[in-house]
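Asker: Quick check, what structure comes out for this input:
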Amino acid sequence: MKIDEVRRLTPDQLSDQLIQLKKEQFNLRFQAATGQMEKTHRVNEIRKDIARIKTVLRGKAAAVAA
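Answerer: Modelled structure (predicted):
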């Protein structure tokens, strides 16, 4: 997910996306533990997407508070 796409989403959509990514991250961790993981690079992509979403959410919250 690109940062431009993340910035266009509303806070509610960002929260939903964050929940979905955390579920996927959990599933990938489970696959890694059981040895069924095929796309190992996806773990890093999800981590970075979660960080992007949290950064944008925090920025939008700060803009509303100011």
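Asker: which secondary structure element contains the closest residue in space to Met1 that isn't next to it in sequence?
Answerer: Nearest-residue entry for Met1: Asp49, 4.9 Å, with adjacent residues in sequence omitted and distances by CB to CB, 6 or more residues apart in numbering. In this view, the C-beta of every residue, glycine as well, is placed from N, C-alpha and C. Under the criterion DSSP states H and E, the helix or strand holding Asp49 is helix 41-65.
Asker: returning to what we had before: tally of neighbours for the residue nearest to Met1?
Answerer: By other CB atoms under 10 Å, 21 other residues sit near Asp49.
Asker: Could you check how many residues crowd around Ile53?
Answerer: When neighbours are counted by other CB under 10 Å, Ile53 registers 21.
Asker: List the contacts of the most centrally placed residue in the chain.
Answerer: Closest to where the C-alpha atoms of the chain average out (CA atoms, centre = their mean) is Ile50, at 2.6 Å. Neighbouring residues of Ile50 by CB atoms under 8 Å, 6 or more residues apart in numbering: Leu18, Leu21, Lys22, Gln25.
Asker: Next, format those as CSV and append secondary structure and distance to Gly59.
Answerer: Formatted as CSV, these follow (DSSP: H, G, I helix; E, B strand; the rest coil; distance: CB to CB, whole Å):
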residue, secondary structure, distance to Gly59
Leu18, helix, 14
Leu21, helix, 18
Lys22, helix, 20
Gln25, helix, 22
